[in-house]
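Novice: need coordinates for the following:
(one chain, ligands or ions: 2)
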Amino acid sequence: MASLVIEPLSAAAFAPFGQVIETSGAQHYPINNGMTERYHDLARIELGGAQPRPLVSIFRGQPYALPLSLKLVERHPLGSQAFYPLSAHPWLVIVAEDDGGTPARLRAFQPTIGQGVNIAMNTWHGVLTPLEAASDFLVVDRGGEGNNLEEYHFDEPWTVTR
Ligand SMILES: NC(=O)N[C@@H](O)C(=O)O
Ligand code: NI
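Specialist: Ligands and ions are numbered 1, 2, ... in the order given. I've put the predicted structure just below:
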């Protein structure tokens, strides 16, 4: 049985899979006469395929228990997908490299409060995985023509633990 141990999320560790959306390390500057600080340009939103447009949605995810039995990952060949939590509940981001169409070298990350992610276009990832409580996330991804979802079902589930 293949197993995966959860790691803390960092921009460096996540770089092969996309960007971490957080104020730490971000370019920032005051706007609105100094009443607001803009943390600028935190993610590279990718919109491919025909007639692409950005979608802003809220995903209300139900919690999963640990140890997690990961049966599939998916990817979006036509666009990136960003998740930013609207609560302080814990969640997981599971991603994988690609070996000729097969997910490889899986990683499981647990964001800290204040961290979101932008998963790069065509990057294997687990579906939204809240822990402990139902949680809302602001999601920015790609709408338009074409099929933007590819799934990969593992022969044997991965067990994801702390
Ligand atoms: N299917 C869908 O919109 N959600 C997934 O892409 C996901 O990553 O949770
Ligand atoms: Ni997705």
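Novice: check the spacing between the residue of the chain most remote from its centre and Ala26 real quick.
Specialist: Using Cα atoms, centre = their mean, the residue of the chain lying farthest from its centre is Asn33. It sits 33.6 Å away. Noted for Asn33: a distance of 21 Å to Ala26, by Cβ to Cβ, to the nearest Å. C-beta coordinates here come from the backbone N, C-alpha and C atoms, glycine included.
Novice: same check, this time on His153
Specialist: Taken as Cβ to Cβ, the span from His153 to Ala26 is 37 Å.
Novice: what do you get for Arg107?
Specialist: Counting by Cβ to Cβ, the gap between Arg107 and Ala26 amounts to 23 Å.
Novice: out of the two, which sits in the busier spot?
Specialist: Arg107 (19 against 15; other Cβ atoms under 10 Å).
Novice: list the residues that contact that one.
Specialist: When contacts are counted by Cβ atoms under 8 Å, 6 or more residues apart in numbering, Arg107 is found next to Leu4, Glu7, Ala13, Phe17, Ile94, Val95, Ala96.
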